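1. I'd like to go over a predicted model; first the sequence, then the structure.
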Amino acid sequence: MAPWPKDTTKRIFVTPAAEAAWNMRLISNTLPKEPFIGVTHSDIAFTGNYAIQGNYDGYQVWDISNPRAPKLYDEYVCRGSQSDVSIYKNLVFVSGEATSGRVDCGLQGVPDSVSKERFRGIRIFDVTNMKKPKYLANVQTCRGSHTHTVVEDPNDNQNVYVYISGSSGVRSPTELPGCSQLAPGQDANSSLFRIEVIQVPLAAPATAKVVSYARFLDNLAAVTAHAAPPSDVGIGRGGAAGGRGAPPAGGRGAAPGGGRGGAPAVRTGPNQCHDITVYPAIGLAGGACGGYGVLLDIRDVKNPRRVQAVSDSNMSFWHSATFNNAGTKILFSDEWGGGRGARCRATDKMEWGGDALFTLQNNEMLFKSYFKMPAAQTTYENCVAHNGSLIPIPGRDVMVQAWYQGGVSIMDWTDIAHPKEIAFHDRGATEKPANEGTVSAGGSWSVYWYNGFMYSSEIARGLDVFELLPSANISQNEIDAAKTVKYEYLNVQGQQKMVWPASFALARAYVDQLNRSNGLASARTSAIMTELAAAEKKSGAERNSALRALAGKIDTDAANAADAAKTRLLASAVKDLAK
């Protein structure tokens with residue numbers, strides 16, 4: 001995301017021109033406080049009853065113990081942009097890449113082209129006392145930190161690691177020794193085509209430092225932008241990709257697997273990643289790297305290795321990645337136009353500016369389909385796919401996703417060849433355009449499910465909180481089962497394996513799914529619901545005996561069920577209740 005100009009008039013249009021919602025509901029909107037009014041809100045992380053919301057001028061901490069009435073708990077002013085945030089135990093990490101960012105967090109900027117006062121990299125805070133954060137350290141990097149990803153190493157409990165995705169120009173070696181903008185073939189220590197890996201000792205986080213460079217973008221073929229849509233030709237908006245690369249026309253293709261070579265050609269593939277999502281439980285990461293989606297092996301956390309890179313002529317700027325919980329699928333979003341353009345107009349292709357969905361088989365990504373939120377937006381609203389997260393509905397792959405002023409969309413991609421929207425919320429433009437043809441900046445930067453609710457970082461309006469409503473697409477039992485998954489903390493770019501504890505809601509959710517898909521005869525699902533209700537009224541050995549008997553019957557049902565796999569999941573859920 002390119003920086004938004006600060007609204008010096010402090011205008012925030014709180015009352016939308018219109019509001020539309022389907023199968024979800026906005027339950028609270030908490031406006032930003034000074035000095036963050038009129039300054040872009042960015043990403044969001046969670047710990048306990050707190051939501052930490054990044055802002056280009058620092059971050060805010062919200063007490064979300066009551067999601068219907070969040071309260072500002074603390075704020076920290078420290079300019080840097082984007083100020084993407086993550087948390088691990090008592091440590092908060094904040095990205096900075098703006099040339100105006102200062103080591104001392106001042107707002108006066110850095111006038112000199114080379115200065116030891118400039119900060120570009122990762123700031124580290126100790127928030128043991130959330131009310132009194134301690135600025136422990138900053139780790140300077142050659143291209144700053146546009147985004148970052150906190151990575152836990154299952155084999156190392158003494159440290160936590162941070163992957164740095166920097167996308168700005170390379171700093172002068174006079175400002176930061178060791179930085180080089182030469183190509184890798186000319187300088188083996190080039191600051192291009194790599195990420196930095198920072199090691200943070202948990203016993204002494206102030207000593208955090210860069211410990212390795214992962215140069216997994218070498219030798220990727222050049223990519224080119226797809227054509228501008230007809231509605232943009234000749235009106236000064238530039239190419240469809242806003243100057244960012246996309247693969248050559250002709251569909252999807254895989255790039256060579258790995259290795260390093262000599263000097264790159266005059267035109268190359270991307271020399272940086274925008275964002276990386278890690279899934280330590282399966283040892284993989286998804287790198288959204290401009291013109292490519294990259295699959296990484298992260299079992300050696302300090303040295304992530306490229307397994308595969310995929311390009312697609314319909315993808316303009318690979319922005320972020322999400323795995324499904326089973327680790328059998330991966331989704332990449334496309335921030336066509338950099339997030340500042342109106343890319344959801346009726347004239348825009350549905351294959352452009354949305355999501356590309358792949359299955360994962362033997363560490364190979366296989367394309368299956370695209371998804372784009374289906375409601376056309378106006379020419380005055382910035383709209384394109386942005387950050388989202390899984391909703392822990394058992395037995396399904398469901399994701400909530402931000403679309404800037406396109407609002408919030410919930411998408412079911414269980415059937416990966418046919419993803420579909422199953423809920424949404426959309427409101428009027430952040431502000432009315434002052435001049436005809438002006439795209440107003442605002443909307444949902446990111447929206448994430450956290451312990452029963454969905455929290456959206458609204459670029460201009462502060463913090464939005466949503467709840468999911470039962471519908472033909474999602475039952476109340478499925479919602480109740482999703483709420484049993486509890487996180488102690490959450491950084492969405494560090495995916496955690498979702499585990500559902502035994503509950504009657506979980507068993508009933510599977511029954512509802514079998515009903516919806518006709519995966520089991522309706523007479524049987526009705527009888528199972530009756531027996532579950534009867535067992536729930538019992539206690540002790542009598543309840544356990546009834547549940548074991550029911551689980552046995554369901555196991556027998558699976559032999560002739562249209563959806564045998566889901567029926568066995570139901571049997572397992574009932575058995576777990578009896579333990």
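-> Okay, I see it. From a predicted model like this one, the values you see are computed outputs, not experimental measurements.

2. helices along this protein, start to end?
-> With DSSP state H, the ranges of helices along the chain come out as 476-482, 504-517, 522-537, 540-558, 564-578.

3. make a markdown table out of those and add mean pLDDT, mean neighbour count and distance to Asp74.
-> (Glycine included, C-beta is placed from N, CA and C.) What follows is these, written out as a markdown table (pLDDT from 0 to 100; neighbours: other C-beta atoms under 10 Å; distance: least, C-beta to C-beta, whole Å):
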| stretch | mean pLDDT | mean neighbour count | distance to Asp74 |
| --- | --- | --- | --- |
| helix 476-482 | 98 | 22 | 29 |
| helix 504-517 | 98 | 22 | 35 |
| helix 522-537 | 98 | 15 | 43 |
| helix 540-558 | 98 | 16 | 46 |
| helix 564-578 | 98 | 20 | 40 |
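
4. with distance to Ile195 as extra columns, can I get the ones you listed in CSV?
-> Formatted as CSV, the helices of the chain follow (distance: least, C-beta to C-beta, whole Å):
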stretch, distance to Ile195
helix 476-482, 33
helix 504-517, 39
helix 522-537, 49
helix 540-558, 46
helix 564-578, 38
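
5. so which of these is nearest Met373?
-> helix 476-482 (21.1 Å; C-beta to C-beta).

6. then the closest one to PDB, C-alphas only?
-> Extracted as PDB, the C-alpha positions of helix 476-482 are listed here (Å, rounded to 0.1, in the frame of the first residue of the first chain):
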ATOM      1  CA  GLN A 476     -25.900 -21.000  14.400                       C
ATOM      2  CA  ASN A 477     -24.200 -24.300  15.400                       C
ATOM      3  CA  GLU A 478     -21.300 -23.600  13.000                       C
ATOM      4  CA  ILE A 479     -20.900 -20.100  14.500                       C
ATOM      5  CA  ASP A 480     -21.000 -21.500  18.000                       C
ATOM      6  CA  ALA A 481     -18.400 -24.100  17.100                       C
ATOM      7  CA  ALA A 482     -16.200 -21.400  15.500                       C
END
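
7. and for that helix, what's in contact with it?
-> Helix 476-482 is contacted by residues 391-394, 396, 449, 452, 468, 470, 500, 503, 505-506, 508-509, 511-513 when judged by C-beta atoms under 8 Å, 6 or more residues apart in numbering.

8. swap the cut-off to 6 Å and go again
-> 391-394, 468, 470, 505-506, 508-509, 512 (C-beta atoms under 6 Å, 6 or more residues apart in numbering).

9. pick out the most distant pair among those.
-> So for the contacts of helix 476-482, where distance means C-beta to C-beta, the most widely separated pair is Ile391 and Arg508, at 17.3 Å.

10. which residues of the chain score low on pLDDT?
-> Low-confidence segments of the chain (pLDDT under 70): 1-17, 225, 233-267, 431-438.

11. okay, now Thr141: neighbour count?
-> 26 (other C-beta atoms under 10 Å).

12. who touches it in this structure?
-> The neighbours of Thr141, taking C-beta under 6 Å, 6+ apart as the test, are 121, 164, 166, 196.

13. now do the contacts for Gln199.
-> 159, 161, 211.

14. one more pass at 10 Å, please.
-> Gln199 sits next to 139, 153, 156, 158-162, 207-212, 301-302 when contact means C-beta atoms under 10 Å, 6 or more residues apart in numbering.

15. just give me the neighbour total for Ser113.
-> That count, for Ser113 with other C-beta under 10 Å as the rule, works out to 10.

16. and Gln186, backbone torsions?
-> Backbone torsions of Gln186, given as degrees, to the nearest 10, read phi -100, psi -20.

17. test my guess that Ile474 contacts Arg396.
-> Yes: contact status for Ile474 versus Arg396: in contact at 8.8 Å, counting by C-beta atoms under 10 Å.
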